[in-house]
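K.L.:
sequence and predicted structure below; questions after.
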Amino acid sequence: MDLSGSWNNTGELTGEIPPEIGNLTNLTELTLDYNQLTGSIPPEIGNLSNLTELHLNYNQLTGSIPPEIGNLTNLELLYLFGNQFTDEIPEELLSLTNLTELGLGGNELTGSIPSEIGTLTNLEILYLGGNQLTGEIPSEIGNLTNLTWLSLDDNQLTGSIPPEIGNLTNLISLNLSDNQLTGSIPPEIGNLTNLTDLSLSENQLTGSIPSEIGNLTNLEYLYLSGNQLTGEIPESICNLTENYYFYINITNNQLCPPYPSCIEDYVG
């Protein structure tokens, strides 16, 4: 494998990432997306203390995320999407407090989301979707008040949606779909007035749709289908239909008529 440059996304690189990569200590950005790299990330990657960006998306990398990645204290962007990484999110990764974007989606990560995730207060994008994460969404996620994008979909998360999620007032997209979440939709969700995309579909949510959802007047997509929601749909939901681009899917619940006239066609 030729690493004479720090950037390659042609799909032509094969083989393993050599441990000698740790000698490139002046690198500030390493991008090897969309190749056919195999094997694990060598622990020598931790020698690249000047890195601000590391992109290894869409390869065939396996094994654990090495704890040595916690040595990259200048890292701002870390993307490991679409590989076959296993085991838990290493606690050392959660010491990278300069991170603004963290994408670990589309792997085979297990274990719970560590509560220490709440220390990454500079995060603007957090994508953990498409793994095998279990346990509850930690309430500390409410500390990440700079987040604009939060995706935890397609895991095996249980428990309720923490009300602290209402602290994330800069969120534009929130996706918690395809998990095993229970309990009701917290009324604090109405604090997220910048949301354009909210997906809570395919969980086991119960209770009624909170009237506070009508505060989300910037919403373009609302997915609540495939839960066990009951009660009447609040009239406040008609506040959302004034958005020209608005789309809602609330099918496959146990919602009761009468339905607000603005969404009769959506109920199914």
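P.N.:
Sure thing, it's come through.
K.L.:
quickly find the element holding L198.
P.N.:
strand 197-199 (DSSP states H and E).
K.L.:
report the mean confidence score over that strand.
P.N.:
If you average the pLDDT over strand 197-199, you get 98.
K.L.:
cool, and stretch 230-241?
P.N.:
94.
K.L.:
who's in contact with that stretch?
P.N.:
Defining contact as Cβ atoms under 8 Å, 6 or more residues apart in numbering, one finds that stretch 230-241 is touched by 206-217, 219, 222, 246, 248, 250, 253-263, 267. (Glycine included, C-beta is placed from N, CA and C.)
K.L.:
would you show me how to pick out the buried ones of those residues in PyMOL?
P.N.:
Those of these that count as buried under 16 or more other Cβ atoms under 10 Å are selected in PyMOL with:
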select buried, resi 206+209+210+212+213+214+215+216+219+222+246+248+250+253+255+259+260+262+263
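K.L.:
out of the contacts of stretch 230-241, name the ones that lie in strands.
P.N.:
Among those, the ones falling in strands (DSSP state E) are 222, 248, 254-256.
K.L.:
would TSV of those residues with pLDDT and distance to G15 be doable?
P.N.:
What follows is the ones in strands among the contacts of stretch 230-241, written out as TSV (pLDDT from 0 to 100; distance: Cβ to Cβ, whole Å):
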residue	pLDDT	distance to G15
L222	97	46
I248	94	48
Q254	95	54
L255	93	54
C256	91	60
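K.L.:
which parts of the stretch 151-268 of the chain are helices?
P.N.:
264-267 (DSSP state H, counting those that start in this stretch).
K.L.:
pLDDT weak spots in it?
P.N.:
267-268 (pLDDT under 70).
K.L.:
report how many residues lie close to the closest residue to I165 other than its chain neighbours.
P.N.:
Computed as Cβ to Cβ, 6 or more residues apart in numbering, the closest residue to I165 that is not its neighbour in sequence is G142, at 6.1 Å. The tally of other residues near G142 (other Cβ atoms under 10 Å) stands at 18.
K.L.:
nearest spatial neighbour of Q36, chain-adjacent residues omitted?
P.N.:
In space, not counting the residues next to it along the chain, Q36 is nearest to T14; the distance is 4.8 Å by Cβ to Cβ, 6+ apart.
K.L.:
surely the one you found meets L37?
P.N.:
Yes: judged on Cβ atoms under 8 Å, T14 makes contact with L37 at a distance of 7.0 Å.
K.L.:
ok, the two, which is more surrounded?
P.N.:
L37 (21 against 12).
K.L.:
now the more buried one: which helix or strand?
P.N.:
Assigned by DSSP H and E, L37 falls in strand 36-38.
K.L.:
what helices and strands are in contact with that strand?
P.N.:
Under the contact criterion of 3 or more Cβ pairs under 8 Å, 6 or more residues apart in numbering; DSSP states H and E, strand 36-38 touches strand 14-16.
K.L.:
show me the contact partners of the strand it packs on.
P.N.:
Contacts to strand 14-16, defined as Cβ under 8 Å, 6+ apart, come from residues 1, 35-40, 42.
K.L.:
same deal with stretch 128-142?
P.N.:
Stretch 128-142 is contacted by residues 89, 104-119, 150-162, 164-168, 175-176, 181 when judged by Cβ under 8 Å, 6+ apart.
K.L.:
list buried residues within the residues you listed.
P.N.:
Applying 16+ other Cβ under 10 Å to the contacts of stretch 128-142, the neighbour count classes 89, 104-107, 109, 113-114, 117-119, 150-155, 157-158, 161-162, 164-168, 175-176, 181 as buried.
K.L.:
returning to that earlier point: any idea how far D33 is from the residue nearest to Q36?
P.N.:
In this view, T14 and D33 are 14 Å apart by Cβ to Cβ, to the nearest Å.
K.L.:
swap in E92?
P.N.:
23 Å.
K.L.:
can you give me the neighbour number for the closest residue to T182 other than its chain neighbours?
P.N.:
Taking Cβ to Cβ, 6+ apart, and ignoring the residues beside it in sequence, T182 has Q204 as its nearest neighbour in space, at 4.9 Å. Here the number of neighbours of Q204 (other Cβ under 10 Å) works out to 13.
K.L.:
tell me who's in contact with Q204.
P.N.:
By Cβ under 8 Å, 6+ apart, the residues touching Q204 are 180-182, 227-228.
K.L.:
I appreciate the help and will end here.
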